[in-house]
Structure formats: structure tokens, C-alpha cells
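Colleague: here are the coordinates; sequence isn't available:
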Ligand SMILES: O=P(O)(O)OC[C@H]1O[C@](O)(CO)[C@@H](O)[C@@H]1O
Ligand SMILES: O=C[C@H](O)[C@H](O)COP(=O)(O)O
């Protein structure tokens, strides 16, 4: 028997907490009905995401604009049509279950929740408008909502009472229902024809109670109270529907008002994903689940009655809560008020989203546009393939076979799909933490981390800047001793919060920074206070968690371990640093949620506007045609987003002899300097035209272009998600596993070997240079003895020479202290190289890029040629062996040199050409200039 039918035979119906037009019209709802789905619920947030996040409604909106309707009227037409369509599909269930199930719910505007009369009038009006028997009108269970339920039931209208969190409130709802039935009976109505559910919210309770429980170290109560509260409600339900008063109504055909478990998606990723389904199975109940929970339950949910089990335990858990001085009534009442507020906000946002849609449609604005330039047919074929193989749907079902034969490093790397939701739940905790930091007078935050643990915070710090009264956030991801020392001078430890950020909890650079700054801070503020200046962001049970506990860090943020570094922007790794500079995370994450909605399976890129899927297909398909250099042309303000997306694409796709090379920060030249291996991404704000002309030229020259136009910086929330999903889809297309980084380890091993030798012999064993030029040591694969012939031999005399091997690129690896003037120099060298070789040239600082593009450099088809600049340093800084201890066996200078030569060896071992220049750090600019001159 089908799983949902088995569940129904245990007395529980599963409804779906989700709706959107294509989900209904493309047959997905029908498929779920065939699997045993018995109802649908909606709420203002669901409609907000559906309408703002897709083009599903655009055709309707176009027609409605013609009719000169208000935004509110347009909204109503859209949702009424959705509910009617869904109700028609559900009608057979309604009849088959003898009118028990088969309902679709529509909520009255939450803004009316404190006005009984207005709610009643509105509910009646909507019911009439819907013209379907199998609909329920959703009414918030406020004090003013209670008389509404009596009147509505008394008028024969089926009602879904929503936003119930509290036991007493539930009793009031049940009482109002009974009164409604009695009223209907008095009025001569047929009480067997009316139906009702009481939507009792679950996971939001745990999310709030857990915070209080944490403060009291009562870990055993975490994740328990929401279910305990629901079990008590269920006991009350059973009592109410056994009273003589009920029996009398039942005789006349009345149905019980079933408890409907709502908010049953897991908000805390460390809890089992079906906890709020498995734990709440019992007779005469409904559970309305969001799509992710539905998939999880179908995959591994259990089918055992649990609601009647362990009631004593549930009661004692609630008692214990009281004894800990946690007032559940207060929390649940507050939750109702907040729930109402957030639905009202969604409602407002929804109106704004419709307004924007209307504008976009009227002005034919397209915030996302692909110009395929001759590849249209191939892209369309890939889209079809994507559709036929149900790739988007399977990603949301967390099906690892989209990318590989084994689940390893795939199944436990898909947590990012839920990051915006999960992070939203954590905001109040994070804000509380930020307030405490601000109150204590911290001025700076220095984030210590590499790759995925540092790039999103850098986007936030450089793009959003610091809001008044918040911290100045900077990022340290260079082990160059001069850079480390610069921060030591720049930031007074007394005013600084150090964010030690590493998923694995063991990255050598991050640990070295941590030990260094710990000792500096210890010297300044003393052992009692030093821990107060440090926080950790890491995975549970990582090495960092252990050490952070030992060193008494003021806070340890434990991230969902099912998220890889480059996919962590919208998780704690990105949002904690963002909160410290005052980014409005609610706005950012809601923006991401709209993109989540845009990327859903219901929004097929062929029949809809699933832009992440489209983008991923375009990236993957064009790469197969040799257009494997994805070149970002961005607004100045969005420059750092380029660095984040660079890691995402390079580390995800560059492996097993394949890869897409991201090119960011390139000077924009005339089309003649580019080969036919490019695809351009034009990412800009609206009303901005700085690069439009150049982009037009690229289009005219036959290059494919993707245009993405943002309204404001908060739309970056959506961009993070769009590119994550697109990269995952490009991975499918290219037949690679996008979540591992198999070649990163190679360079690490070789660097470690060098360091081990150093520890044994007291010096680094560097290879012998080929030749020296004015103090610059030069290393290469050939026998050249001057720079000009070296470049000619290794790169070629001209573009034709260089491009003999199709699609080559040059990557400049700079193991020097990053600063503005060096940056300029490196980029002008880059431009010179590009002009000469008419090919893509990238620049990255070491060792940062090792945690980003380094994977692709060693993992792709060997298309890169590498130029390393390594500067020694006069001022070195010792890396303490242990935090809190002066003893040191290695310095940052030694570490970075070992990393550079380790990577040189790793690149050579994998058959790449590498040219290395080693020079004195006091004369970086002079040295680079000399090299550039010789090249010229
Ligand atoms: O967060 P962690 O574990 O310190 O890793 C930092 C970076 O290093 C890498 O693992 C590559 O070395 C990246 O994937 C990651 O973003
Ligand atoms: O009908 C119920 C609501 O739509 C829903 O379950 C709310 O859940 P949430 O807490 O996940 O927003």
C-alpha cells in the first residue's frame, strides 16, 4: 500500500503546506494526490514566495493590468484562481474520504486578525468568491478570531483556525467550534456539511524554547517541548470529543475539529528531518508538511502511532520547564503575536512584489536574461534533458545520483538548500549576541579564515559596509607575515573581536592566525579576558570546537555540518559576520528565499523562469562547447561578489580533467583581445550603464552573455543562492561531483613535507633557481637564462603561439602582501599578458587562492600556465606552537614559502607549466616592475 494511505489508515492525513501555479498546472499536485496526499494549505508567506519568485503568474497579471484593477484586486484574482484549481484537483479526495479530507485552505488577510467583524465579512466574501465546497478559510486564533469561528461555522463555512501555539488557546478554539456547530444547528443548517481543523504550530515552539533551555544548560529538553505540548493538546482533544455535549452533536452528523500539526518542517538542522511528523502520528489528526519534509518523510519517515505514547514523560517535561522558570504560556502567546506580525509583513511584501511585477511587465524589464549567441538549440536540448531527468526535482529530493554513484560527500553536502530558512530561525539569537558585543564596546572584528569561510564575509564587509554603531569587519586570509603584522598593528586587541572561522576546524592558516592573535590579545588583556575576544564558527565536534572550549571563547557557533565551505554564504559562516556590521539579515534572507522559490522543481526552466536552472544549464552546455571561461563584468560595488563566486565555480567544477574557469576583475578590453572560449556575465544594478557599451560589443562579437540586474545590494541574498544552485546544475551537466575538492590536498601534502624537512633540518629545502636577475631568483621548467626567452619558451611569442593549445589561460599566483599598489601592478601585468596572448588571465593571492581556484588549476584539463610571484619578508612573525604558549617552531614566512613551493611542485607533478619569481619583500613593486619590463 502507498505510504500515505498506510498513514491514513492509522488515522492521520498528510496535507501539503505549499502552493504555486505551475505546481498545480504542470501536474505535480495531481501526482502527489495519486501518492495519497489529502489536502493543501497556504499562507501569506507561501504566496509571497510563489508570486515574487516566479513568472508563473505573469500571464495572468498581464491580463489583469488591462482590466485596471488595484494591486489588492490583482492579488485576490491570482490566489483565488490557485485555490480553485487546487480545490478542483482535490475534489475526488473530498468525495472519496466522505468529505473528511480534500480541502484547500486560504487565509484571510492577517491584518484583520484583531477585528472580529472584519474577519467574518472577509471570510464570508472569500468563501463566496471561491465557489468550492472543499475549501477552508483560514482564520488566526486571536481573541478576536474566536467569535469569527463561531459565526463562520454557524454559517456553514469550513474553517482552518491557525496560529495556535498555546493549550488554553486551543481549548478556546475547540469551544468556539462547538458553539459554531450549535449555532448552525439552531439556524437549521446541516452540521454534517461543515468541517474544521485547528492548526497547532510545532517547530516554532522548539526554536524559541530551545534558546531558554540552552541558557539553563538543560540540553535534555532541547527539541522536546513542541511535541510534548502537542501531545497534551491531543489529550485535551480526546477529552473534548468524548463529552455528552459533543456526543449530541456527533449524533446529528457533526465531525470533530481535527488537530492539524502545522509548522512541522525542522528549523534546527541538527534534529532528524522528520521529527515533527514521526513524533506526532495519531488518530483523527492532520499534518501539513512543507515540500522538503514531505520528501524526507516519503523517503524514511516512520509509520507508528506516537501521539498517545509517553504522555507522562511529556507532562513531566512541561513540568520541568516550569521548574526551570521558563514560562511556556508567555512564549506561546508571544509566538502567536510574532506569527501574525510576520504573516502581515509577508502580506505587505506580497503587495510590493505584485507592484514590482506590474512595473516589470509594463516596462518589459527583465532582471535575468540569457543571450545564447548561436548556442540556442544546444541549450534548449540540455534544458529538455534537465526536464526529462527531473534534475531540479531530484536535487530538492536530495538525490545524490544526480551527480554520482555514491552518496559520499554529496548527501552530506546539501544543507545549503535550506540555509535561508534555517538561518532566519537563528536571527534572534545572533542579534542578541551582536547586541552584547556592541554593548561591550568592541570596535573591530577580524575574521580569520580561508576560502569559503572568508569570502562571503568579505562580500558583506566590502559591499554593505558598516552601519553606524556596528563593528568594522576585516578579513585576514593571507599568511604573508607583513599582512599578519599589519593587522596586529592596525587593530588594538582590547577593542577587537576575533572570529575564527573554519568548517573543518583544522585549516593550518586559520589555526596559525588564531594562535598568533590569541597570544597577542592574551598579552594585552590577560588570561581572564582573552577568551572574551574570540568566537568560533565551525562544524560540531571539530578540532576548533574542542580548542575553543578549552580556551573559553565567548561563543561557539556550530554550523550545519551538511554544508561545504563554498556553499556556506547564507549559513552561520556568512551571516554571523554580516550581523556584526549591521546587515539587515531578515531582508537579505527573505530575498534568498524568493530565489529558493524561483529554483524549485515546480518552476521548470522550460515552462517557467527557473533562473538558477537556466544559468546552470547554460554554464554546463557552453563549457562543453569550449566556452569554459565564465567572465564577470560587475558593477564596482559588486566586485567582491566576483571573488566569492570564483571559488564556488572553480572549486566545484574544476576536477577530473574538466572545469569552468571563472575570470573576475579583468580590465574590460576591446573584443579582439578575447578568444571564443568566453561567456560573459554582466552583473549590475538597474539605472547603471557603465559597462553596457562594452557588453553590447561582446554580444555583437558573438559571445554568449547573461545579464543580471539587481535592484539593490540586498538582492545579493538571492544571488548567493542562484549561483549555488546554478553551479550544482552545471556539475550535473558536466558529469562531475560539485561538492568535493580532490586536488586541494595535493599541495597541502607537499607543503607539509617541506615543513617537516624544515623542522628536521632547520631550513626550507627550496629547489635551485634556473637563473637570477638583479636579486630575483627565477625557476622554470626549461633552460632559459633570461626572462624574455623564458616567457617566449613557456608562454609563446604571440597569441597564436600561446593558443596553439586550445583554450589555455594564465593564472598569476601572488604570494606577496596584498595591498592596493601591488594589486594595480599585478592587474596591469595581467592586461599586458591578455593583450599579447588574447586569452584569459587570472590573478590570485596565495595562499588564499589555494582554497579557491587552486582546485581547478590542478584538477582541470591542464589548460593553465602559472606565474608565481613569491616575496620573502624582512619582518617575519612567529606562529606559536600552541595558543597561550610563546614557544614557536615555525614562522608565517616559512609557512607561506613552503605553501608556494609545495603548490609549485603539485602543479608540476600534474604536468602544468610553472614560472616562479622569488624576490625580496622590501622591494615587491620594484621587482614586479622589473619582470613586467622584461616581458614587455
Ligand atoms: O572552512 P575550512 O575547513 O577552514 O576550509 C576553508 C577552505 O578550504 C577548502 O577546504 C579548500 O582547501 C575550501 O573548500 C574551504 O572553503
Ligand atoms: O498552515 C500552517 C502554516 O502554513 C505553516 O505550517 C507554517 O509553518 P512555518 O512555521 O514553517 O512557517
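Modeller: That came through, no problem. Because the structure is predicted, anything quoted here is derived from the model rather than measured. Ligands and ions are numbered 1, 2, ... in the order given.

Colleague: contacts, neighbours, all on C-alpha from now
Modeller: Noted.

Colleague: residue 253 contacts residue 189, correct?
Modeller: No - contact criterion C-alpha atoms under 8 Å: residue 253 and residue 189 do not qualify, at 11.5 Å.

Colleague: any idea what sits nearest residue 458, other than its immediate chain neighbours?
Modeller: residue 475 (6.4 Å; C-alpha to C-alpha, 6 or more residues apart in numbering).

Colleague: just the helices in the stretch 1-150 of the chain please.
Modeller: Counting by DSSP state H, counting those that start in this stretch, one finds helices in the stretch 1-150 of the chain at the ranges 3-9, 21-25, 28-34, 44-52, 58-66, 71-96, 116-130, 145-154.

Colleague: element containing residue 825?
Modeller: Using DSSP states H and E, the element containing residue 825 is helix 820-837.

Colleague: my bad, should have said residue 778
Modeller: Assigned by DSSP H and E, residue 778 falls within strand 776-779.

Colleague: quick check: mean pLDDT across the biggest helix by length in the chain?
Modeller: Scanning the chain for the helix with the most residues, using DSSP state H, yields helix 328-362. Computed over helix 328-362, the mean pLDDT rounds to 93.

Colleague: how about that helix: buried residues?
Modeller: Within helix 328-362, the residues scored as buried using 16 or more other C-alpha atoms under 10 Å are 328, 331-333, 335-336, 339-340, 343-347, 349-351, 353-355, 357-358, 361.

Colleague: low-confidence stretches in the stretch 201-350 of the chain?
Modeller: Within the stretch 201-350 of the chain, no range satisfies pLDDT under 70.

Colleague: ok and the residue in it nearest ligand 2?
Modeller: Relative to ligand 2, the nearest point of the stretch 201-350 of the chain is residue 263 (3.2 Å; C-alpha to the nearest ligand atom).

Colleague: from residue 789, how far off is that residue?
Modeller: 69 Å (C-alpha to C-alpha, to the nearest Å).

Colleague: more crowded one of those two?
Modeller: Higher neighbour count among residue 263 and residue 789: residue 263, with 21 against 16, using other C-alpha atoms under 10 Å.

Colleague: tell me the spacing between the more buried one and ligand 1.
Modeller: 32 Å (C-alpha to the nearest ligand atom, to the nearest Å).

Colleague: my guess is that residue meets residue 206, correct?
Modeller: No - proximity of residue 263 to residue 206 does not meet the contact threshold set by C-alpha under 8 Å, at 10.7 Å.

Colleague: show me which residues of this structure sit near ligand 1.
Modeller: 450-453, 502-505, 507, 565-566, 744, 851 (C-alpha under 6 Å from any ligand atom).

Colleague: touching the helix or strand harbouring residue 161 from outside, list them.
Modeller: Here residue 161, judged by DSSP H and E, is contained in strand 159-164. The contact list for strand 159-164, computed with C-alpha atoms under 8 Å, 6 or more residues apart in numbering, reads 105, 136-141, 149, 152-153, 170, 173, 195-201, 336, 339-340.

Colleague: repeat that for 7 Å
Modeller: Contacting residues not belonging to strand 159-164 are listed as 136-141, 149, 153, 170, 195-201, 336, 339 [C-alpha atoms under 7 Å, 6 or more residues apart in numbering].

Colleague: list the contacts for residue 471?
Modeller: Taking C-alpha under 7 Å, 6+ apart, we find residue 471 in contact with 442-445, 580-581.

Colleague: sorry, wrong one. I was asking about residue 228.
Modeller: Residue 228 makes contact with 314-315, according to C-alpha under 7 Å, 6+ apart.

Colleague: contacting residues for whichever residue of the stretch 601-750 of the chain sits closest to ligand 2?
Modeller: At 18.4 Å from ligand 2, residue 602 is the closest residue in the stretch 601-750 of the chain, using C-alpha to the nearest ligand atom. Residue 602 makes contacts with 22-23, as judged by C-alpha under 7 Å, 6+ apart.

Colleague: if we can go back for a sec, which of the residues of the chain next to ligand 1 fall within strands?
Modeller: Among the residues of the chain next to ligand 1, the members found in strands (DSSP state E) are residue 502.

Colleague: show the buried residues in the residues of the chain next to ligand 1.
Modeller: 450-453, 502-505, 565-566, 744, 851.

Colleague: and the residues you listed, which is closest to residue 377?
Modeller: residue 566 (31.8 Å; C-alpha to C-alpha).

Colleague: now the spatially closest residue to residue 491 that is not a sequence neighbour, which residues is it bridged with?
Modeller: For residue 491, ignoring the flanking residues on the chain, the nearest one in space by C-alpha to C-alpha, 6+ apart is residue 444 at 7.1 Å. Counting by DSSP bridges, residue 444 forms beta bridges with residue 472, residue 496.

Colleague: just the element for residue 741, please.
Modeller: For residue 741, there is no enclosing helix or strand under DSSP H and E.

Colleague: that one and residue 653 touch, don't they?
Modeller: No - in this structure, residue 741 is not within contact of residue 653 by C-alpha atoms under 7 Å, at 9.2 Å.

Colleague: between the two, who's got more neighbours?
Modeller: Shown here are residue 741 and residue 653; by other C-alpha under 10 Å, residue 653 has more neighbours (32 against 21).

Colleague: which ones are touching that one?
Modeller: So residue 653 contacts 659-660, 731, 736, 738 (C-alpha under 7 Å, 6+ apart).

Colleague: which residues of the stretch 351-500 of the chain fall in strands?
Modeller: Secondary structure of the stretch 351-500 of the chain by DSSP state E, counting those that start in this stretch: the strands cover 368-371, 444-448, 472-476, 496-502.
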